[in-house]
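K.L.:
Provided below are the primary sequence and the corresponding predicted coordinates.
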Amino acid sequence: MTYFYLCGMQIFDNNKSEKTPISNIGEFGLIDELKKNIDISNSQTVKGIGDDAAVIKLDDKNLQTISKDLLIEGIHFDLSYTPLKHLGYKSVVVSISDIYSMNAKPEYILVGIALSNRFTVEAVKEIYEGINLACKKYDIDFIGGDTTSSTSGLMISVTSIGKVKNKEIVYRSGAKKNDLVVASGDFGAAFLGLQILKREKQIFIDNPKVQPDLSGHDYILQRQLKPEAALKYIKILHELKIKPTAMIDVSDGLSSEIIHIAKNSKVGINVYEEKIPIDHTVMNIASELNLNPIFCALNGGEDYELLFTINQKEYKKIEKDPDFTILGHVTEKSEGINFVTADGNSHPLDAKGWDSYSEK
Ligand code: ADP
Ligand code: MG
């Protein structure tokens, strides 16, 4: 048997000889592939798949933004070093981060949770304490979800719904030649926080008598275990009366998000190594772990900072603001997406940024 029919749908179609491993096209290639067969027919849908959040017409003046994130035990978190309350908090933050990056305000969340039988009521309540704390901090109503059992660990999926005025919405696709490329905060800390947690876990596995030593790592651990969404930076941009031309949140690594803005906006981008903001603690710990801090910043991910482009006329407003760093500028598409090293050499950036860079 190669396939059979169930309720009119063909399943287990083994007839096709060509099977493509997902790793051949990667996560973004897979989404592009799936998108081809998804039609949008509702006239209220302004933007479907392809940005940080979907955009739907709410009324004449406002748009609704909707985004979903999924966190899986063993892939996105390890319960041996992740406090449940922190996990609940983080699951909200990673989801609403995509709403802020549309320049919108998150208003509601729904939470789907799959639990294995090793979870107690008290444990689930702890996750919910974290969720509630994040809702309070970001002024969000927790309005529903779904609960189911799981045979393969804990899964948490948070759907966020936000609102933004028509004229305030910012997509990944609006960057124009000569715009400045700007980032909030700093990069690489969450990745290094994870490396420290993994290291201490291994030391403990090798010798359970040795207690984990996490002292002096507060900043990077907080960035990994209890990140914050970019509300603070969105407020500052509003106060400065700056509307970015394009924006994305940095969840998968600075390198990958620079590429998303460039590709969606059909432009080139030059970013400069010496401009990448890296906290001094990240510098120190990277050197302790024998890692290149620029590699951590470009590819680490989970920073939940904003990456955006602005018209050059906004330069004066942002130039001295310590919250933001100008990383580079937008060029013609034909010039490509480049990383300019401190010695002035230019290297094409790809989603694995540093790998290709270091090979050259
Ligand atoms: P982000 O990193 O900002 O969360 P993703 O890379 O996860 O964004 O998603 C990019 C776009 O693809 C979004 O518009 C998202 O809604 C869409 N997307 C991701 N996964 C799926 C999927 N399995 N089915 C349909 N759309 C998806
Ligand atoms: Mg995003």
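P.N.:
Structure's in. What do you need? Ligands and ions are numbered 1, 2, ... in the order given.
K.L.:
secondary structure element for the closest residue to Glu168 other than its chain neighbours?
P.N.:
Using Cβ to Cβ, 6 or more residues apart in numbering and skipping residues adjacent in sequence, the residue nearest Glu168 is Asn103, 5.3 Å away. In short, each C-beta sits where N, CA and C put it, glycine included. According to DSSP states H and E, Asn103 maps onto no helix or strand at all.
K.L.:
swap in Asp249?
P.N.:
Counting by DSSP H and E, Asp249 is part of strand 246-250.
K.L.:
Could you name the helices and strands sitting against that strand?
P.N.:
helix 84-100, helix 254-265, strand 305-310 (3 or more Cβ pairs under 8 Å, 6 or more residues apart in numbering; DSSP states H and E).
K.L.:
Which neighbouring elements make contact with the longest one?
P.N.:
Spelled out, that is helix 84-100. strand 62-72, strand 105-115, helix 121-138, strand 155-165, strand 246-250.
K.L.:
The second one too?
P.N.:
Using 3+ Cβ pairs under 8 Å, 6+ apart as the contact criterion, the elements in contact with helix 254-265 are strand 180-184, strand 246-250, strand 268-272, helix 293-299, strand 305-310, strand 337-340.
K.L.:
mind redoing it with 6 Å?
P.N.:
With contacts defined as 3 or more Cβ pairs under 6 Å, 6 or more residues apart in numbering; DSSP states H and E, helix 254-265 has these neighbours: strand 246-250, helix 293-299.
K.L.:
thinking again about what came up before, quickly note the distance from the residue nearest to Glu168 to Ser173.
P.N.:
Distance of Asn103 to Ser173, computed by Cβ to Cβ, to the nearest Å: 13 Å.
K.L.:
Same drill for the two, tell me which one is more crowded.
P.N.:
It is Asn103, of Asn103 and Ser173, that has more neighbours when counted by other Cβ atoms under 10 Å, with 22 against 17.
K.L.:
Any idea which helix or strand in this protein has the lowest mean pLDDT?
P.N.:
Sorting the helices and strands of the chain by mean pLDDT, DSSP states H and E puts helix 354-359 at the bottom, at a mean of 40.
K.L.:
okay, now Asp59: neighbour count?
P.N.:
Neighbours of Asp59 (other Cβ under 10 Å): 8.
K.L.:
On the three-state scheme, it is what?
P.N.:
Following DSSP: H, G, I helix; E, B strand; the rest coil, we place Asp59 in the coil state.
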